[in-house]
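In: Need the 3D shape of this:
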Amino acid sequence: MVIRLLALDTCLMPSVSLSFIWIPLLLSSLSGLLSLPVDVDVSAQRSHPFCQPCLRFAEVVQDMIQNNKTYADIRSTLISVCAALMDANGYHGHVICPGFVDEYGPPTLYIISKGMFSPPKLCERLELCPGSSEERQYGHVTRSMEPVANVEYVHGRDTVDQQEPIRILQLTDIHLDHQYKPGTPVDCGMLICCRDGLNGSGSAGTYGEYSCEVPVATLDLLTEHLRQLDPQPNFTIYTGDNPPHDIWEENWQSQTQSTNFIVDYLSKNLPNQIIYPAMGNHETFPQSFYYPPMYKNFTAALAEFWQSWVKLPENALQTIRAGGYYTMLVRPGLRLMSINTEFGYQFNFYTLLNDQTPGYFEQRKWMEETLAAAAGNGEKVLIIGHVPPGDPTTIMSYGDFYGPLVSQYRDVIVGQLFGHVHQDLFQVVHTGGYPAGVVNIAPSVTTRANVNPTYRIYLMDPNTYHLIDYQQYYINLTEANILAKQNHAEAVEWKLAYTAREEYNLKDFTAKSWWELTERFERNSSLLLQYLDNMYARSDVDRQCGELCKRELVCGTKSASKRQLLQCLE
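Out: This next block holds a predicted model:
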């Protein structure tokens with residue numbers, strides 16, 4: 001079965017979570033099984049392929065609630081449908097579905113019952129059906145305020161020469177798999193392979209496979225190399241996602257242990273680095289779900305973990321505990337703002353309850369207040385986050401809020417660094433046709449989704465704090481595994497894939513230059529395919545990109561909101 005999501009080609013969908021694919025498909029199969037009649041505008045079905053299944057499923061849930069049925073009453077049916085669907089698509093549903101359904105079923109039903117939505121309103125709010133989305137466009141939360149005093153200044157490695165660029169290391173999406181074992185099957189009928197006890201074909205290499213997550217050996221290879229960099233990075237950005245994609249086995253303990261391990265590991269293996277983190281969507285349980293009133297213990301633990309990486313001032317600890325976001329000065333005049341993108345992620349179903357909790361509004365108000373205060377203090381701001389605002393898996397209101405805010409403070413914001421998609425991408429922020437900023441999206445450390453392991457170094461002007469370039473590094477996974485098999489692991493080499501300005505012939509690093517690059521993509525297919533090769537960190541997996549794929553690539557670069565992306569694809 002080939003499913004096209006939001007009319008987007010798979011070239012834009014490298015690292016979708018299990019929930020992103022299988023929850024809509026499960027709704028579709030369940031609705032077909034139950035055959036409930038629902039009137040739907042047929043003309044809308046092509047652009048909203050999951051509208052009718054969502055409406056049917058919502059009718060089932062509404063009937064269940066009205067008849068005082070519980071999750072236990074429908075659990076076996078959900079598991080059976082899930083297993084049949086996954087088996088039909090080549091996966092071992094009998095292994096995956098019990099844990100998957102138990103993980104997502106109860107909270108999803110709670111969210112729906114708590115929201116008290118009619119079926120049409122529920123599916124509209126999930127953005128699986130067309131309709132007015134005014135309720136989800138909460139708009140700006142503005143208020144006048146006086147500039148605030150600078151918070152604590154945390155020293156990174158000072159540049160010796162003020163003409164030497166500030167070097168910023170970005171790591172993202174590690175997704176470490178402790179169960180990874182060399183020699184195990186690579187193709188196994190599960191969502192990740194390379195583990196004991198699985199049947200299938202292929203033999204996992206030492207450093208990872210394109211269908212699997214990375215083992216500790218890959219992290220060892222990475223951190224040993226990073227310790228030898230000269231010059232060393234001034235500081236590090238980590239944009240989240242610690243656990244592997246085995247969400248049918250997840251629980252709170254496994255999620256916490258994953259984060260704890262990554263924090264301890266990077267602290268020990270990059271001992272001279274200050275690391276500024278952002279929260280990923282995989283850190284929570286169920287993964288991608290987050291709701292402030294129910295996740296206070298999680299964010300409290302996160303605040304404690306992150307203090308191992310950076311000495312967080314008290315005001316930062318307070319906002320992390322309240323909502324998973326924070327701000328602090330990196331050096332005099334340069335402020336970092338780490339946002340919690342779970343508030344804007346479509347498959348965090350708790351976004352349905354955003355208007356019932358102050359947490360959602362508080363982060364928006366905090367973002368505006370932080371930028372206003374930075375402007376008043378003459379500071380520059382570096383924004384970091386996990387899910388990019390133009391990703392197709394966001395809710396409309398995320399990008400609708402984010403883009404105008406960045407445009408308003410375009411003279412204050414000097415960089416926007418994100419991860420999540422496992423690929424090397426960028427999105428130009430623009431309102432009214434004026435390019436106002438660039439969302440730079442770094443590729444992952446993990447190899448899952450057909451990418452090589454990577455890291456990125458940004459270069460920042462030490463006087464203006466504007467980004468001036470970045471250097472993208474990788475190892476060729478195929479070569480690394482062969483060398484390890486030949487007992488020549490010491491010969492594995494981290495290579496410079498490209499520098500941004502040279503690779504794309506950028507006049508400078510301004511939003512205008514990046515926007516001009518998107519226009520060159522439209523005229524030059526060879527340049528666009530070069531971008532596609534970089535997207536996958538030059539992996540050895542064959543890639544085909546037809547005209548639709550090319551259109552989607554271009555629209556992805558021109559869109560820093562889901563609304564802009566869909567409009568571009570019309």
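In: which stretches of the stretch 101-250 of the chain form strands?
Out: In the stretch 101-250 of the chain, strands defined by DSSP state E, counting those that start in this stretch lie at 166-171, 235-238, listed in chain order.
In: Throw these into a markdown table and include mean pLDDT, thanks.
Out: What follows is the strands of the stretch 101-250 of the chain, written out as a markdown table (pLDDT from 0 to 100):
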| stretch | mean pLDDT |
| --- | --- |
| strand 166-171 | 98 |
| strand 235-238 | 98 |
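In: now those strands as a markdown table including distance to Y455 and mean neighbour count?
Out: Where you see a C-beta, it was placed from the backbone N, CA and C, and this is true even at glycine. Listed next are the strands of the stretch 101-250 of the chain as a markdown table, based on distance: least, Cβ to Cβ, whole Å; neighbours: other Cβ atoms under 10 Å:
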| stretch | distance to Y455 | mean neighbour count |
| --- | --- | --- |
| strand 166-171 | 6 | 23 |
| strand 235-238 | 9 | 24 |
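In: got the end-to-end distance for stretch 376-386?
Out: End-to-end span of stretch 376-386 (Cα to Cα, to the nearest Å): 27 Å.
In: cool, and stretch 379-396?
Out: From the first residue to the last, stretch 379-396 extends over 30 Å; the measure is Cα to Cα.
In: starting at the chain centroid, how far to it?
Out: The gap between where stretch 379-396 is centred and where its chain is centred comes out at 9 Å by Cα atoms, centre = their mean, to the nearest Å.
In: got it, and stretch 517-535?
Out: The gap between the average C-alpha position of stretch 517-535 and the chain average comes to 23 Å, counting by Cα atoms, centre = their mean.
In: For it, which outside residues touch it?
Out: Contacts of stretch 517-535 with the rest of the structure, by Cβ atoms under 8 Å, 6 or more residues apart in numbering, involve 11, 14, 423-425, 428, 443, 472, 497-498, 503-504, 506, 543, 545, 550, 553-554, 557-558.
In: what about it, start to end distance?
Out: Stretch 517-535 has an end-to-end distance of 15 Å (Cα to Cα).
In: returning to that earlier point: out of the strands of the stretch 101-250 of the chain, flag the one nearest H466.
Out: If you check each of the strands of the stretch 101-250 of the chain against H466 by Cβ to Cβ, strand 166-171 wins as the nearest, at 10.4 Å.
In: Show me what that closest one is packed against.
Out: Contact here means 3 or more Cβ pairs under 8 Å, 6 or more residues apart in numbering; DSSP states H and E; on that basis strand 166-171 packs against strand 235-238, strand 454-460.
In: I'd like these written out as CSV, with distance to S525 added.
Out: CSV is the format used below for the helices and strands packed on strand 166-171 (distance: least, Cβ to Cβ, whole Å):
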stretch, distance to S525
strand 235-238, 33
strand 454-460, 25
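In: S203: which of these is closest?
Out: Each of the helices and strands packed on strand 166-171 was scored for nearness to S203 using Cβ to Cβ, and the closest is strand 454-460 (23.8 Å).
In: what's the next helix or strand after that closest one in contact with?
Out: Per DSSP states H and E, the first helix or strand lying C-terminal to strand 454-460 is strand 467-474. Contacts of strand 467-474 with the rest of the structure, by Cβ under 8 Å, 6+ apart, involve 165, 414-415, 424, 440, 443, 452-461, 494-501, 508-509, 534, 537-538.
In: Where does pLDDT dip in the stretch 1-150 of the chain?
Out: 1-47, 132-150 (pLDDT under 70).
In: cutoff 50 now
Out: Low-confidence segments of the stretch 1-150 of the chain, defined by pLDDT under 50, span residues 1-22, 25, 28-46, 133-150.
In: tell me the pLDDT at the residue lying closest to E224 once chain neighbours are set aside?
Out: Distances taken as Cβ to Cβ, 6 or more residues apart in numbering put N269 closest to E224, at 7.9 Å, once the chain neighbours are dropped. Each residue has a pLDDT score; the one for N269 is 98.
In: Quick check, N269 in contact with L221.
Out: No: under the contact definition of Cβ atoms under 8 Å, N269 does not touch L221, with a separation of 10.9 Å.
In: The two - which one has more neighbours?
Out: It is L221, of N269 and L221, that has more neighbours when counted by other Cβ atoms under 10 Å, with 21 against 15.
In: Contacts only, for the more buried one.
Out: When the contact criterion is Cβ under 8 Å, 6+ apart, the partners of L221 are Y207, P453, I475, A480, A489, V492.
In: of all those residues, which two lie farthest apart?
Out: Across the contacts of L221 (Cβ to Cβ), the longest gap, 14.0 Å, separates P453 and A489.
In: Okay, strands next: where are they in the stretch 251-400 of the chain?
Out: Using DSSP E, counting those that start in this stretch, the strands of the stretch 251-400 of the chain run over residues 275-277, 326-331, 334-338, 380-384.
In: Give me the distance between the third one and the centre of its chain.
Out: Once both centres are worked out by Cα atoms, centre = their mean, strand 334-338 turns out to sit 19 Å from its chain's centre.
In: now the angle between strand 454-460 and it, please.
Out: Following axes from the mean of the first three to the mean of the last three Cα atoms, to 10 degrees, one obtains 140 degrees for the angle between strand 334-338 and strand 454-460.
In: now stretch 163-176: how far from the chain's centre is it?
Out: The chain centroid and the centroid of stretch 163-176 are separated by 16 Å under Cα atoms, centre = their mean.
In: What of stretch 355-371?
Out: Counting by Cα atoms, centre = their mean, stretch 355-371 comes out at 20 Å from the chain centroid.
In: By mean pLDDT, point me to the weakest helix or strand of the protein.
Out: Least confident helix or strand, the chain: helix 18-34 with a mean of 45, by mean pLDDT, DSSP states H and E.
In: Which SSE is immediately downstream of that one?
Out: Taking DSSP H and E as the definition, the helix or strand that follows helix 18-34 towards the C-terminus is helix 51-66.
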